[in-house]
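J.: sequence plus the predicted model coming up.
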Amino acid sequence: MNRREFSKSLVASSALLLRRIASASSVRIEPATNRTRALHEFEKLQFGVSFHFSMNTFTGNDYETGGVPASTYNPTNLDVRQWIRVARDLGARYAVLTAKHMSGFCLWDAANYDYDVAASPSKTDVVAAFVAACKEYKLKHGFYYCILDPHNEGKFDWDIPVQEGYYKLIKQQLTELHSKYPNTFYQLLDITWKLSADQRWELYELIKKYSPHGIVVMNQAYYQSKRNLGRICEPKSWPTDVINTEDTMPPPEGHDPHVKFEGKTYYMPLEAWIPTGPPFKPLPPMNSWFWRPGFTTQGAEKIAGEYIDCRKRKTNLLLNLSPDTTGRLPEEAVATLQQAGRIIKKS
């Protein structure tokens, strides 16, 4: 082979290699068809807690739209370590924080954004404090991020598609969270039907870029969960690694993780996401997620019974807790959860 032939061969080989690399890199990351190590770890953890704490806590409205100034958020005795310590003592093994709820208010100093803790009287980065507390008490950490956002969308509408400007902000903030906290265990996205299928896929892959072994959950929401009990995945909650049922217990026969979606079988565990608050009067079938004046935690026997039923039905329990305006879990809630923990330990 002369020099010219060698050069042609080298160029051809290089081109082939580049095509193979491009082809490999274009393979879509998708939910698992078999139980992976990450999903097995998720199932073994069995019990998690979420914390609903945001602008809603200070207005007393679960559906706070972000029309109040940032100064409304002002916890007087913020103690995130207390939240996680109570969760650890209850037996929880992972914890999820409302990094941004539907009010649009961010619990960290978000880049190029003025509706967050940095613009409030209480400038503590709650996300950073939460991650640090989870590491201290050995709970895996996760985040909640709401797609519905009247503050940034300009109006309160459950169904209007996300516009490009706001979608750019969603990507910016999720990138910021996951680049700052890579290998985050869990990310829950809520009200995902407002996104297009392409947008959901893009966010799924974005999160996996920073947390390749993390769990991405696209919440099915209340009425969808009541309808299907986690037996199927709703199309507008796809792609997801886990099926989440909101304020809904798993089916009596237990959950079969071999779930079909568009003719293909995936391995998707079930997580029952259960609030511990009283009924939410504007939406009577649902219970409250955020603390408000007069908030009373549900009984210890009920909470412990939900844990026991989820365990029997091969389902994780994600139990929601609600810090008050001081920034702590109220004493009545702590006492109830301690009693529930004692019942759980005896079960």
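T.: Received the coordinates, thanks. Numbers count the residues shown, from 1 in each chain.
J.: so where's this protein uncertain?
T.: 1-26, 284 (pLDDT under 70).
J.: how close does the residue nearest the centre of it get to Asp159?
T.: Closest to where the C-alpha atoms of the chain average out (CA atoms, centre = their mean) is Leu188, at 2.2 Å. As defined by CB to CB, to the nearest Å, Leu188 lies at a distance of 20 Å from Asp159. C-betas here are computed from N, CA, C, even on glycine.
J.: any chance of the backbone angles for Thr265?
T.: Thr265 adopts backbone torsions of phi -90, psi 130, taken as degrees, to the nearest 10.
J.: surely it touches Asn34?
T.: No - under the criterion of CB atoms under 8 Å, Thr265 is not in contact with Asn34, lying 9.4 Å apart.
J.: who has more neighbours out of those two?
T.: Each of Thr265 and Asn34 has its neighbours counted (other CB atoms under 10 Å); Thr265 has more, 12 against 9.
J.: let me see the contact set for that one.
T.: Thr265 is in contact with 33, 258-259, counting by CB atoms under 8 Å, 6 or more residues apart in numbering.
J.: repeat the analysis, applying 10 Å as the threshold.
T.: Contacts of Thr265 were listed using CB atoms under 10 Å, 6 or more residues apart in numbering, and they are 33-34, 257-259.
J.: can you select the buried ones among those residues for me in ChimeraX?
T.: The ChimeraX command for the buried members of the contacts of Thr265 (criterion: 16 or more other CB atoms under 10 Å) is given here:
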select :257,259
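J.: tell me the one of the contacts of Thr265 nearest Pro69?
T.: Nearest to Pro69, judged by CB to CB, of those is Val259 at 44.2 Å.
J.: confirm that the closest one sits in a helix.
T.: No - counting by DSSP: H, G, I helix; E, B strand; the rest coil, Val259 is not found in a helix; it is strand.
J.: now it: how far from Tyr63?
T.: Distance, Val259 to Tyr63, using CB to CB: 30 Å.
J.: assign Val334 to helix, strand or coil.
T.: Going by three-state DSSP: Val334 is helix.
J.: would you mind measuring from it to Glu41?
T.: 29 Å.
J.: give me the more crowded residue out of those two.
T.: Taking other CB under 10 Å, Val334 and Glu41 do not tie; Val334 has more neighbours (18 against 15).
J.: from Asn77, how far off is that one?
T.: From Val334 to Asn77 the distance is 14 Å (CB to CB).
J.: go on, Leu206?
T.: 36 Å.
J.: more neighbours: these two, which one.
T.: Between Leu206 and Asn77, counted using other CB under 10 Å, the more crowded position is Leu206 (18 against 11).
J.: the more buried one touches Glu176, doesn't it?
T.: No - applying CB atoms under 10 Å, one finds Leu206 not in contact with Glu176, separated by 11.1 Å.
J.: helix or strand: which one has Val216?
T.: Take DSSP states H and E as the rule and Val216 turns out to sit in strand 215-218.
J.: return every residue with contacts to both of Val334 and Asn77.
T.: Arg328.
J.: pretty sure Pro75 sits against Gly327.
T.: Yes - with contact defined as CB under 10 Å, Pro75 reaches Gly327; the gap is 3.1 Å.
J.: need the residues touching each of these two.
T.: Common neighbours of Pro75 and Gly327, using CB under 10 Å, 6+ apart, are 53, 57, 122, 124, 126.
J.: are any of those residues buried, and which?
T.: Buried among those by 16+ other CB under 10 Å: 53, 57, 124, 126.
J.: surely the second one meets Arg328?
T.: No - checked against CB under 10 Å, the pair Thr57 and Arg328 is beyond contact range at 11.3 Å.
J.: okay, and the common contacts of those two?
T.: In terms of CB under 10 Å, 6+ apart, Thr57 and Arg328 are both contacted by the residues Pro75.
J.: in the stretch 51-200 of the chain, which spans are helices?
T.: 55-59, 80-90, 126-136, 150-153, 164-180, 197-210 (DSSP state H, counting those that start in this stretch).
J.: list the contacts of the fourth one.
T.: Identification of contacts with helix 150-153 by CB under 10 Å, 6+ apart yields 55, 63-68, 100, 102-105, 113, 115, 147, 156-157, 160-163, 165-166, 169-170, 194.
J.: these, buried ones only, as a PyMOL selection?
T.: Command for PyMOL that selects the buried part of the contacts of helix 150-153, burial taken from 16+ other CB under 10 Å:
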select buried, resi 55+63+64+65+66+68+100+102+103+104+105+113+115+147+162+166+169+170+194
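J.: okay, and the common contacts of Thr265 and Asn34?
T.: Common contacts of Thr265 and Asn34, defined by CB under 10 Å, 6+ apart, comprise His258.
J.: measure Asp79 to Thr326 for me?
T.: For Asp79 relative to Thr326 (CB to CB), the value is 8 Å.
J.: then Leu90?
T.: Distance of Leu90 to Thr326, given as CB to CB: 20 Å.
J.: tally of neighbours for Glu253?
T.: 10.
J.: is Ser225 in a helix, a strand, or coil?
T.: For Ser225, the secondary structure call by three-state DSSP comes out as helix.
J.: show me what contacts the closest residue to Arg81 other than its chain neighbours?
T.: Once flanking residues are discounted, Arg81 sits nearest to Ala133: 4.7 Å by CB to CB, 6 or more residues apart in numbering. Each residue near Ala133 by CB under 10 Å, 6+ apart is listed here: 79-85, 87-88, 95, 97, 139, 141.
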